[in-house]
Every structure is written in structure tokens, then in C-alpha cells.
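K.L.:
Let's see this in three dimensions:
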Amino acid sequence: MTPSSAPASGPARPAPPERRTAGEPNGPLDLAMIGNCSISALVDSRGRIIWCCMPRFDGDPLFHALLGSSTGSADDGQCFVELEGLQRSDQAYDPGTAVLRTHLFDAHGQGVEITDFAPRFGHHGRMFRPAQLVRRLRPLNGHPRVRIVLRPRGEWGGVAPTLTRGSNHLRYVLPGATLRVNTSAPPTYVAEGNWFSLHSPVSLLIGPDETLSGGIEQTARDFEEQTSLYWRHWTRRLALPLQWQEAVIRAAITLKMCQFEETGAIVAAMTTSIPEAPDSGRNWDYRYCWIRDAFFVVRALNALAEVGTMEDYLRWLHDVVRDADGHIQPLYGIGLERELPEHIVTSLPGFSGMGPVRVGNQAFEHFQHDVYGNIVLGSSQAFHDHRLFRRADRRDFELLERVGEQAWKLHDQPDAGMWELRTKSRVHTSSSLMCWAACDRLSKAAQVLALPERALHWRERADVIRRRILEAAWSDRRQAFAAAFGAHDLDASVLLMAEVGFLAANDPRFVNTVDVLESVLCDGPFMRRYEAPDDFGLPQTAFNVCAFWRVDALARIGRIEQAHESFEALLAQRNPLGLLSEDLDPKSGRLWGNFPQTYSMVGIINGAMLLSKPWSSAV
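P.N.:
Below you'll find the model as predicted:
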């Protein structure tokens, strides 16, 4: 099969190899993601499924080995294929797809190929995306000896399943769910983890307790072919930049898989409790829809002409706004759940033994005023884009005006800020900036709808907020925009001023702010969020999206070469599958934080779109 897009044409850095060897520097986050917009799973460099929540992204993990074992057994909470005498492995996605292939080889050159994916394709006029993983094995050279081990557990690793068997399937009965594994491998060998020689391909379909209508091998083969074809058609429609195409395609597919398509919600990451830094206690559950993060995802995919994700997300967002009584939470559950109470799970030791493991997120109780700007920004394209099945109309505008009223009311009031500080409340510059953006975009939407009085109303409010920010957020002492009104400490989020159109990029105040932020928050191309201590002290790692914001700012102020160099340095920190987590240790290059982080993957797309040479320069 051939890639669906033209080869990348980039600057000095060569494109990453199609395959890679296990054990690269990103360590435990040397992971691949598979998914179908209903479920997802994380697969390590040896083909072990070590994280998968079913039947939703935010559910109880059936495979939880990413966060350790409740029993101390190395096999618990995962699904793996072990090759006798394993010597090396390599792994890669099929180009332009979410189909993953892992190769395991022994010392004699015998090997096995593991193909992993979650089915996704059109069927009977709708999208077929079951809560199911498909795992296919085929021998590579000789007759390798393997064992297939499935050790799902329930209630965060605390409960072992009851196992029942059929002629071609196994059932793992857990509290509230039953996992069925249809397999063409001998079920006894799978149930007991026995070694056997692999003479011909075998498949496993791992999902709900439903009878399979067709043959196992035929079904698995058909699902693979149709899923691969779906993703190739999807990526073929992307409006890619000339350069860094493979990086952009991988980021786009990853972002698409982070949408829970049933409702349209977009999760911030697929994991919980991967610490932002070693033994930091900064362990959070990101398997929910932050309105802020979702806006950035929608905007990045829109830039690639993939508006379907936005249309699905706006369905979810519309219900959030309609149900609100004024105040809107910064995050909700993917099924519009308002209450996401945070608690600590004691049954699992945590990522690399670094607990705690948290479920839920206390930030749902926060007041984060930038949310109102993110809602309007995320919706504003729908007033202008003629490609949409349903463009936004006056009723949508009137609904968004309710959001704008909150932005106006709260633009100079203290909040927890976009970094979700738990014990400190200030008038954060970034929150006020997004309140300005809400009023600014409402004015522009009113113009499109031929509502001149409303356009003037929102323009006047935007101008008031703008003057307030310019006066209160500027620090004469630092000669830069500060983190909060009247403060002098610095925060990378003010780099968004140029991106959202608040200031011209060549405004001397913005240029100077970029210089000061670089001198204080940067370690080479990497950037920390802020300089002031928070609830846990000073941040120890760089925050990947901040580094991409810096790339954007450098490009906008004309420092193109520096922006290129920084962008290349950030791309080099992706794991071997092209994915990024939330944070990074500037010294070791090791990834930290929840994975894969949508913010970070958005940065890849935005940077490439901004910096790439035009197509006209090559064709």
C-alpha cells in the first residue's frame, strides 16, 4: 500500500524513519495510540497493550499496567504477545492510518508481526466504531514460539475477572462489564498463557460480550482493510502544508482519535496520573473535555480543512451553553457530566510507582474566566464557513451572547487561571485576554449576520477590555506583560496575544514581552509555564505547548530562522511514533505528563502550517 499524501519536503532535519527500534529515550512514554473515536488503547514498544478504558475514554481501565499492578504481578492489567528468545523489536504505523504494526524477532531471525487497531469505517450509512480492539498475529520467518496473555482487571485493578470459555471465545466477567475475546488461537492457550508455535495467522477481537456473526479471521481481515482505507481517505482530504507532512498527519490522526464522537466531546489526553515531573505529586486525570483544550484542537484541525470534528464538537458545546445558568465550568465529562469529583485510587501504585492515581478532576469546581472566550472562539468559524452542513445563525448568536455577557461581567475579576491554580486567585491576563476575544468575535459575527447595533455593542465592550488589559497587565518593572493585573511575575500564556489578534505582532510591547519571557522561562527551545511558585513549588519541567506558542510568536515577529530551529528541536522530542505528552525534561529529553496531550499535538500542526514553504515553491 502507498501513502495517501505526497512525500514531505522539509528543511535540514530528515523525516523520521518509517520503523523504529524499541527502547528509545522517551522511556515509559515510548507508546503508540490506537483508537476509533469510541475507545482507545496505548501500546508499548514490544506490542503490549498497557492502557485501555472501556466502554469510554473516562471509564475503568480494563488494561491498567501503565499505572502498575494491584497484585505485584508483572502480567496484570495488560494484553501482550511474548516471543520466546526475544532479541529486538520495531514498530510503526501504516502511513496515513491509525493501524499499528509491531515486529518481534528472536536471535535466529524468527519473528512475529502484531497488528493492532480499533475498527472504524462507514457501514450502512453510519460510522461503525465499536468498543473493540483487534489484534492480529502472523509469523515472520520460521515457526516462532509465542504466548498470548490477557490479564484484564476491574475496579482500577482491584478485582480479577471470572473466566468462562466457549469453543472460540473467552469471557472475562467483571463487575458491571463482561469482556469477550473471540480468537482463532487455541482458547486454552490464551486463557492459560501457554507457549505454542505460531504456524499461521491468528486474530483476537477484544470487546463487548456479543456473538460474532462471521468467521474470526475473515472478520479481522475485513475490519483491518476497511479501517485502513477509512484513515487513508480521511488523511487524503487534509489540506497539508508542504513541509513536515508526516508529523502533521500523525498529529491530526491523534487529535481525531481524542474525540468521543458519540457526543462530540474532545478529551485533553487519554490518561490519568502520569506525573508532570518525577515524584512531583502533579498527577491529574485528563480524560475529560476542557473547553479550552478542545477549542485549540478544533482550530488546528480546521486549519487542515477538517471541519467535521468542529461540527461534532459544536453539538456538545451547544448543550453545555444551553444548560448553563450563567457560570460555565472549565471542563465537563464527555457525556456532559457536570460533577467530576476527584478521589485517589489506592489499588494501583501509579506510573513508575509515582502515585497518587487520581480519578476525576477538582478543576470542575473552578472559576476560569478564559472559558467564555474559548467558547466563542471555538464557535465563531461556524458563522463564516460556507462548507458546513449547518452554518451558525441568529439563534446561535443569541445563545453565544449569553456567554459574552459573562465574559464582560468577569473580565476583570479574579479566577484560578488557565493553569488551574488551586490556592491562588488573581485577575489573570490570559483570562481577561480571552474575555476580550469573546466580545471581539461576537462583534464580527454580528457583522456577518447584518446586526449593526449588536456589532457596535460588542465592539465597544471589546475596546473597554482591551484598554484595561493594556493598562493593568503591563509591568514597567519587567517591561513585559505580566501574568496578572498589577503583578510582575511572568507567564507564557501572554504569548497568545498576537495569535488571537489582540496586538499586532510588531507592537514593541509584544516584541519586548517575547524577549523577556525567553530570558526567564526558556531552557533552549523549551519553555516553562510561569516563574512564580504554585501549590507544589516551582515547576520542574517544560510545558510543551508553551514552547510551540513561542515558535508562533517568533514567526509572527519575523524571527523565522529562530522559529524554524526551535520547531525542529521540538519535533525531535517526539517519541518514535511521533507523539508528545504534556511536559518534557529539558536536560534528559524525557517526556512527562499525560499522554498523548492534545495541546502538544496541536502545536505540531500550528507550527508546521505557519512555517512551511508554500506549495507554489515546489510545484
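
K.L.:
give the contact list for Gln362.
P.N.:
Pro341, Glu342, Arg422 (Cβ atoms under 8 Å, 6 or more residues apart in numbering). Backbone N, C-alpha and C define where each C-beta goes, glycine included.

K.L.:
Out of those, which sit inside helices?
P.N.:
Assigned to helices by DSSP state H, none of the contacts of Gln362 qualify.

K.L.:
and which of the residues you listed is nearest to Lys587?
P.N.:
Nearest to Lys587 among the contacts of Gln362 is Arg422, at 27.6 Å by Cβ to Cβ.

K.L.:
so the closest one makes contact with Ala416?
P.N.:
Yes: assessed by Cβ atoms under 8 Å, Arg422 is found in contact with Ala416 at 7.2 Å.

K.L.:
Same drill for those two, tell me which one is more crowded.
P.N.:
Per other Cβ atoms under 10 Å, whichever of Arg422 and Ala416 has more neighbours is Ala416, with 21 against 13.

K.L.:
Tell me how far Asn374 lies from Arg338.
P.N.:
Asn374 sits at a distance of 18 Å from Arg338 (criterion: Cβ to Cβ, to the nearest Å).

K.L.:
can you confirm Asp385 is in a helix?
P.N.:
No: counting by DSSP: H, G, I helix; E, B strand; the rest coil, Asp385 is not found in a helix; it is coil.

K.L.:
Can you get me a residue count around Arg315?
P.N.:
Per other Cβ under 10 Å, the neighbour tally for Arg315 reads 12.

K.L.:
Between Asn374 and Arg338, which is the more surrounded one?
P.N.:
The neighbour comparison of Asn374 against Arg338 (other Cβ under 10 Å) goes to Asn374, with 27 against 12.

K.L.:
Just the pLDDT at that one, thanks.
P.N.:
If you check Asn374, the pLDDT there is 97.

K.L.:
While we're on the closest residue to it other than its chain neighbours, how confident is the model there?
P.N.:
Leaving aside its sequence neighbours, Asn374 sits nearest to Phe295 (Cβ to Cβ, 6 or more residues apart in numbering; 4.3 Å). The model reports Phe295 with a pLDDT of 96.

K.L.:
Contacts only, for Phe295.
P.N.:
Asn374, Ile375, Leu377, Gly378.

K.L.:
For those, work out which two are farthest apart.
P.N.:
Ile375 and Leu377 (7.4 Å).

K.L.:
what do those two both touch?
P.N.:
Contacts common to Ile375 and Leu377, judged by Cβ under 8 Å, 6+ apart, are Phe295, Ala438.

K.L.:
Between those two, which is the more surrounded one?
P.N.:
Set side by side, Ile375 and Leu377 show more neighbours around Ile375, with 29 against 22, by other Cβ under 10 Å.

K.L.:
packing partners for whatever helix or strand the more buried one lives in?
P.N.:
Ile375 belongs to helix 370-380 when assigned by DSSP states H and E. Packing partners of helix 370-380 (3 or more Cβ pairs under 8 Å, 6 or more residues apart in numbering; DSSP states H and E): helix 291-303, helix 308-323, helix 394-410, helix 429-448.

K.L.:
what does that helix rub up against?
P.N.:
Under Cβ under 8 Å, 6+ apart, the answer for helix 370-380 is 291-292, 294-295, 298-299, 310, 313-314, 317, 320-321, 328-330, 392, 396, 400, 403-404, 406-407, 410, 415, 417-418, 428, 430-431, 433-438, 441-442, 444-445, 500.

K.L.:
Count the neighbours of Glu405 for me.
P.N.:
16.

K.L.:
now do Gln406
P.N.:
Gln406: 19 neighbours (other Cβ under 10 Å).

K.L.:
Ok, the one 5 residues further on next?
P.N.:
For His411, the neighbour count with other Cβ under 10 Å is 25.

K.L.:
where's it relative to Val297, distance?
P.N.:
25 Å.

K.L.:
Repeat that for Pro349.
P.N.:
For Pro349, the distance to Val297 (Cβ to Cβ) stands at 31 Å.

K.L.:
who has more neighbours, the two?
P.N.:
When Pro349 and Val297 are compared for neighbours, Val297 comes out ahead with 27 against 17, by other Cβ under 10 Å.

K.L.:
right, and that one touches Lys256 too?
P.N.:
No: the criterion here is Cβ under 8 Å, and Val297 misses it with Lys256 at 9.1 Å.

K.L.:
Need the overlap of contacts for these two.
P.N.:
With Cβ under 8 Å, 6+ apart as the test, Val297 and Lys256 both reach Thr309.

K.L.:
ok, which stretches of the stretch 1-150 of the chain are strands?
P.N.:
20-21, 31-35, 40-44, 49-53, 61-63, 79-83, 86-93, 100-106, 111-117, 121-123, 126-128, 133-140, 145-150 (DSSP state E, counting those that start in this stretch).

K.L.:
ok so, going back, make JSON lines out of the helices and strands packed on helix 370-380 and add distance to Pro533.
P.N.:
As requested, the helices and strands packed on helix 370-380 are exported to JSON lines (distance: least, Cβ to Cβ, whole Å):
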{"stretch": "helix 291-303", "distance to Pro533": "23"}
{"stretch": "helix 308-323", "distance to Pro533": "33"}
{"stretch": "helix 394-410", "distance to Pro533": "26"}
{"stretch": "helix 429-448", "distance to Pro533": "18"}
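
K.L.:
quick one: pLDDT of Pro130?
P.N.:
Value listed for Pro130 in the pLDDT field: 96.

K.L.:
Can you get me a residue count around it?
P.N.:
Look at Pro130: counted by other Cβ under 10 Å, it has 18 neighbours.

K.L.:
With Ile557 instead?
P.N.:
19.

K.L.:
tell me the contacts of it?
P.N.:
Listed by Cβ under 8 Å, 6+ apart, the contact partners of Ile557 are Ala498, Ala505, Asn506, Phe510, Val511, Val514.

K.L.:
give me that answer again for 10 Å
P.N.:
Going by Cβ atoms under 10 Å, 6 or more residues apart in numbering, Ile557 touches Ala498, Ala504, Ala505, Asn506, Asp507, Phe510, Val511, Val514, Asp515, Ala563.

K.L.:
ChimeraX command to pick out the buried ones of the residues you listed?
P.N.:
The ChimeraX selection below is limited to those of the contacts of Ile557 classed as buried (16 or more other Cβ atoms under 10 Å):
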select :498,505,510,511,514,563
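
K.L.:
Show me which of the contacts of Ile557 is closest to Arg135.
P.N.:
Closest approach between those and Arg135, by Cβ to Cβ: Ala563, at 41.6 Å.

K.L.:
pretty sure that closest one is in a strand, no?
P.N.:
No: secondary structure of Ala563 (three-state DSSP): helix, not part of a strand.

K.L.:
just checking, it touches Leu611?
P.N.:
Yes: using Cβ atoms under 10 Å, Ala563 makes contact with Leu611 at a distance of 6.1 Å.

K.L.:
Mutual contacts of those two, please.
P.N.:
Val551, Asp552, Leu554, Ala555.

K.L.:
in its sheet, what does the host helix or strand of Leu204 sit against?
P.N.:
Using DSSP H and E, Leu204 maps to strand 202-208. Taking DSSP bridges as the criterion, strand 202-208 forms sheet pairs with strand 133-140 (antiparallel), strand 177-183 (antiparallel).

K.L.:
can I get those strands in TSV with mean pLDDT, distance to Ala252 and mean neighbour count?
P.N.:
Converted to TSV, these look like this (pLDDT from 0 to 100; distance: least, Cβ to Cβ, whole Å; neighbours: other Cβ atoms under 10 Å):
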stretch	mean pLDDT	distance to Ala252	mean neighbour count
strand 133-140	97	22	21
strand 177-183	95	31	20
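
K.L.:
Compare these and give me the one nearest Cys52.
P.N.:
So among the strands paired with strand 202-208, strand 133-140 is nearest, using Cβ to Cβ, at 6.8 Å.
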